[in-house]
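**Student:** below are the sequence and a predicted model; questions follow.
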Amino acid sequence: MKVAIIDYGAGNIQSLQFALQRLDVKTVLTNNKDVLNSAEKVIFPGVGEASSAMRKLRTAGLDTFIPSLSQPVLGICLGMQLMCNETSEGETKGLGIFDCNVSKFTTQVKVPQMGWNNIFNLKGKLFDGISENEYMYLVHSYYAPVTKDTIACTNYGEDYCTAMQKENFYGVQFHPEKSSKTGSRLLQNFLSL
Amino acid sequence: MLTKRIIPCLDIKDGRTVKGINFVNLRDAGDPVELATQYAKENADELVFLDISATEQKRKTLAELVLRVAEAIDIPFTVGGGISSINDVAVLLRNGADKISINSAAVKRPDLINELAENFGSQCVVVAIDAKQIDGSWKVHLVGGKVSTDIDLFDWANEVEERGAGEILFTSMDHDGTKEGFANEALAKLSTQCNIPIIASGGAGEINHFTDVFTKGKADAALAASVFHFGQISVPDLKQKLKKQQIAVRI
């Protein structure tokens, strides 16, 4: 299987590559549109600050290209947030794949949320073999609200969206590559779509 | 519900774990990768690798070790010890570390915290603070606790948060090595005044100490070394007992 990870200079992707390697999947890290178009699966990672990540996407011409992909695409963490309409982090306009806005956690909770939290109200094939309330590893200060595209929720101060899907686009707020067996199962499920 | 984290800490020198490690079923207890894999299997929530080597050549050994650890384990890990520049951090993060921790370098040049947060994001910047009580007030210490300063622990904690630290790892030198429990009073004060997670370190000796650090000490995570390495407390057993006491943990 050909799995491409979108390379736009945003964050640490070594762990993601190793997680896929543990599933015996070879990955190619690229910003080449032909290579991305021909991949069976595309992963859109992201760690860091939203506005600078969006600038890098625009510079590489990927901001209009990513929404045009037709194979399964998985956005992780900031990748997921950038697939939304906009995020209050740096007042950044996103790719607009998901019709929702990302905002900062309120001060009633510690920010960033850092650690293992439950996922619930799981829907769809991405969660095959994963039980309600299993744990995923999360590190983030901004969150997406629950919408009709939500396929998993988490509670931190309030219920919010930790996974979303619309057609061939999937986004997860947690880090499957750092979430032990449960995370590995989710990556396997994505690869099996 | 966000769970409380249990974090074994591995001291590393020249790419090997130091301190005696008494772990059953390990072929080579000095191999950090094998030990890390074992802890990940036992449901440790994170790991911290603290490098106590000093020279440039040994730093390269650390970077290679980080790559091997990232390849082997599927839980987050932090790397600390002697980190003092953006370049040090870039290498470690590129090789798969999730977070880095800085200590003395941040006290010597506090702007380093801002620079790291701006370049890599607050989520990967852990500021480690070693402190002990002198005449009733908590003072920050440097160089593994050897050098005292006039800096107040709570003032410094506020400053590192403002500068962009994503987390604070607080070690009470008054408690470290005593196995008589964590510095719960100071921890509770830190955890209440700061809006970022606090990792408690120093003093773990028995399971009740972990219960106390999460309830009385209000810590978000607890770090320990020898009680885990010598098998006095096993991570699965600890988590089962915490769960029975209504503390949210990942089983």
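**Tutor:** Alright, I've got the coordinates.

**Student:** the residue of the stretch 1-150 of chain B found nearest chain A: neighbour count?
**Tutor:** Proximity of the stretch 1-150 of chain B to chain A (CB to the nearest CB) peaks at residue B:96, 4.0 Å away. No exception for glycine: its C-beta is placed from N, CA and C like everyone else's. The local packing of residue B:96 (other CB atoms under 10 Å in any protein chain shown) involves 24 other residues.

**Student:** wait, does the helix or strand where residue A:185 lies contact chain B?
**Tutor:** Per DSSP states H and E, residue A:185 falls inside helix A:180-191. Yes: judged by CB under 8 Å from any CB of the partner chain, helix A:180-191 comes into contact with chain B through A:180, A:181, A:183, A:184.

**Student:** which strands and helices sit next to that helix?
**Tutor:** Counting contacts by 3 or more CB pairs under 8 Å, 6 or more residues apart in numbering or on different chains; DSSP states H and E, helix A:180-191 is packed against helix A:14-22, strand A:135-140.

**Student:** what's near enough to touch the residue lying closest to residue A:12 once chain neighbours are set aside?
**Tutor:** Taking CB to CB, 6 or more residues apart in numbering or on different chains as the measure, residue A:12 lies nearest to residue B:93, with 5.0 Å between them; neighbours along the chain are not counted. With contacts defined as CB atoms under 8 Å, 6 or more residues apart in numbering or on different chains, residue B:93 is in contact with A:12, B:100, B:120, B:124.

**Student:** surely the third one touches residue B:89?
**Tutor:** Yes: because the distance of 6.3 Å satisfies CB atoms under 8 Å, residue B:120 is recorded as touching residue B:89.

**Student:** how about stretch A:16-33 against chain B, any contact?
**Tutor:** Yes: Stretch A:16-33 comes into contact with chain B (CB under 8 Å from any CB), by way of A:18, A:19, A:21, A:22.

**Student:** what residues sit buried inside that stretch?
**Tutor:** A:16, A:17, A:18, A:19, A:20, A:25, A:27, A:31 (16 or more other CB atoms under 10 Å in any protein chain shown).

**Student:** check which helices and strands the helix or strand hosting residue A:116 sits against.
**Tutor:** Residue A:116 belongs to strand A:113-118 when assigned by DSSP H and E. Packed against strand A:113-118 by the contact rule (3+ CB pairs under 8 Å, 6+ apart) you find strand A:135-140, strand A:150-156.

**Student:** so what strands line up beside the first one?
**Tutor:** Think strand A:135-140. strand A:113-118 (antiparallel) (DSSP bridges).

**Student:** what residues does the partner strand touch?
**Tutor:** Contacts to strand A:113-118, defined as CB under 8 Å, 6+ apart, come from residues A:105, A:133-141, A:154-156, A:174, A:179, B:1-5, B:45, B:123, B:166-167, B:197, B:220-221, B:250.

**Student:** so for it, mean pLDDT?
**Tutor:** For strand A:113-118, mean pLDDT rounds to 97.

**Student:** and stretch B:210-230, by the same measure?
**Tutor:** Averaging pLDDT along stretch B:210-230 yields 95.

**Student:** so for that stretch, first residue to last residue, what's the gap.
**Tutor:** 17 Å (CA to CA, to the nearest Å).

**Student:** next one: that stretch to chain centre, how far?
**Tutor:** Mean-position distance between stretch B:210-230 and its chain equals 11 Å (CA atoms, centre = their mean, to the nearest Å).

**Student:** return the residues in contact with the residue of chain A at minimum distance from chain B.
**Tutor:** Minimum separation of chain A from chain B (CB to the nearest CB) falls at residue A:14, amounting to 4.0 Å. Each residue near residue A:14 by CB under 8 Å, 6+ apart is listed here: B:67, B:70, B:94, B:95, B:96.

**Student:** who does the spatially most central residue of chain A bridge with?
**Tutor:** Centre of chain A computed as the mean C-alpha position; nearest residue by CA atoms, centre = their mean is residue A:76, 2.0 Å away. Counting by DSSP bridges, residue A:76 is bridged to residue A:172.

**Student:** what do you get for the one 10 residues further on?
**Tutor:** Bridge pairing for residue A:86 (DSSP bridges) gives the partners residue A:93, residue A:101.

**Student:** quick check, pLDDT for it.
**Tutor:** With respect to pLDDT, residue A:86 scores 97.
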